[in-house]
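Visitor: Quick one: sequence and predicted model below, then my questions.
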Amino acid sequence: MSCLCLGRLKLTTVHHLAIKVSIVVYKEVLIINSEIRQKVQSLVSDGVLLSSDVTKAGIHRSVLSELVEEGALIQHSRGIYMLADEFEDEYLMLQKRYGRGIYSHATALYLHGYSDRVPLSLHMTFPIGYNSRTIKSENVKVTRVSMTNYDLGITTVTSPYGNEIKVYDLERSLCDVLRGQGDDIQIVQAAFKKYAVSKEKDINKLIAYSKQLLVEPKVRTYMEVLL
């Protein structure tokens, strides 16, 4: 009888010990998850998270799948995630996906406030040699230029959704729409008219750009009429 009671006592002790161990392990997992969540959150920029940044931070990519299942993240495209409560910024997301792309031409004029026509397709400029198979499936006009011209006039503006994006400056954009890319002549004329009366215009920069981009005669024609 005493042996039987002793056996029950041992079993009960082991059982309670197992429960305590489970609780400790469970709490440790919660702590690890909390640390990972904070680390993942620190990698988010403008509501966007790149899987490449997660890997560089030493976090297993399975965490991304878990966060998607929880509804905390939405997978926008391969390797790009966004916070579930963020509005999608097509300008930002496209540039996150194609990092070498700079908004240019009529799209840049729109972003600078020199066109009131919302682009039906976004125009981006890339360096010669840049190739991406997936960009063909995007609603994007693509221009490729030499590295010398690619770097000319890169700046940043705030997208219509409030995020910082890369774009060519105003003078570069005015030159680009004169380079035979098929931009609407009404957009071109309206932009030059607004530029001509702007207090922020920089004619010296515009002429310097036009020489490098081989559109100086066209630029001078517009400015001589408008000034």
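Guide: Received it, and whenever you're ready, just let me know what you need.
Visitor: Pull the number of nearby residues for Met147.
Guide: A count of nearby residues for Met147, using other C-beta atoms under 10 Å, gives 10. Every C-beta, even on glycine, is put in place using the N, C-alpha and C of the backbone.
Visitor: so who does it touch?
Guide: Met147 sits next to Pro127, Ile128 when contact means C-beta atoms under 8 Å, 6 or more residues apart in numbering.
Visitor: what separates it from Thr125, distance-wise?
Guide: With distances defined as C-beta to C-beta, to the nearest Å, the gap from Met147 to Thr125 amounts to 12 Å.
Visitor: for Leu111, same thing?
Guide: To Thr125, Leu111 is 13 Å away according to C-beta to C-beta.
Visitor: Of those two, give the one with the bigger neighbour count.
Guide: Taking other C-beta under 10 Å, Leu111 and Thr125 do not tie; Thr125 has more neighbours (26 against 23).
Visitor: Just to check, that one is in contact with Lys141?
Guide: No - the pair Thr125 / Lys141 is not scored as a contact, 9.5 Å apart, by C-beta atoms under 8 Å.
Visitor: Overlap of the contact sets of those two?
Guide: Between them, Thr125 and Lys141 share the contacting residues His105, judged by C-beta under 8 Å, 6+ apart.
Visitor: Give me the mean pLDDT for the helix or strand containing Tyr222.
Guide: Assigned by DSSP states H and E, Tyr222 falls within helix 216-226. Confidence for helix 216-226, expressed as mean pLDDT, is 93.
Visitor: Could you list the residues in contact with that helix?
Guide: Contact partners of helix 216-226, identified using C-beta under 8 Å, 6+ apart, comprise Leu174, Cys175, Leu178, Phe192, Lys193, Ala196, Ile203, Leu206, Ile207, Ser210.
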